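[1] Take a look and give me a structure for this.
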Amino acid sequence: GGALFIKSHPKSGHLYSDSPLNPDPKVSQSVVVFDIKNLDKGYQTLPIAEWAGLKDDGAKRVVQPEFNKAGDEVWFSVWSAMNKESAIVVVDDKTLKLKTVIKDPRLITPTGKFNVLNTKDDVY
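    Purely as a prediction, here's the structure:
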């Protein structure tokens, strides 16, 4: 039940880690964020699935933090079964606050939302 993805960005002071396979819903439905310059401080937990506000009782596993090109937003997939509502949650990297939630019936188990520029140029 440990981390599947960990992510940072050269313009960010944070390191994000998911745990979507953890059997505890409190863990699998959130992410932890570390302050890279002060790792001894521990981590802060962000309730990503709660912020998504999904109506269904699906798994709501939070997976795959992905930075935007500017490095000031982090996008998380909230992954449920194919017949349950899923979402993408966008967080402001500086404030660690919710920016927006993207929902659509066509958004089914949203993984693979890699930032092409960051992936192509190995910006991590």
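
[2] and the gap between the closest residue in space to residue 73 that isn't next to it in sequence and residue 62?
    Nearest residue to residue 73 in three dimensions, chain neighbours excluded: residue 90, at 5.5 Å (CB to CB, 6 or more residues apart in numbering). Where C-beta positions appear, they are placed from N, C-alpha and C, glycine not excepted. Using CB to CB, to the nearest Å, we find residue 90 at a distance of 13 Å from residue 62.

[3] Give the residues shared as contacts by those two.
    Both residue 90 and residue 62 are contacted by residue 76, under the criterion CB atoms under 8 Å, 6 or more residues apart in numbering.

[4] Of the two, which one has the most company?
    The residue with more neighbours, out of residue 90 and residue 62, is residue 62; 29 against 15, by other CB atoms under 10 Å.

[5] Which other helices and strands does the helix or strand hosting the more buried one contact?
    Secondary structure assigned from DSSP states H and E places residue 62 in strand 61-67. Using 3 or more CB pairs under 8 Å, 6 or more residues apart in numbering; DSSP states H and E as the contact criterion, the secondary-structure elements in contact with strand 61-67 are strand 6-7, strand 14-18, helix 48-52, strand 73-79.

[6] what mean pLDDT would you report for that strand?
    Confidence over strand 61-67 (mean pLDDT, whole number) is 93.

[7] Also stretch 106-117?
    Along stretch 106-117, the predicted local confidence has a mean pLDDT of 73.

[8] before we move on, back to that, how about the residue nearest to residue 73, phi and psi?
    phi -110, psi 130 (degrees, to the nearest 10).

[9] contact partners of the strand holding residue 62?
    Under the criterion CB under 8 Å, 6+ apart, residues 4-7, 9, 12, 16-18, 20-21, 28-31, 48-49, 73-80, 89, 93, 111, 113-115, 118, 123 lie in contact with strand 61-67.

[10] Direction included, what does it pair up with?
    Using DSSP bridges, the strands paired with strand 61-67 in its sheet are strand 73-79 (antiparallel).

[11] Thanks again, I'm all set now.
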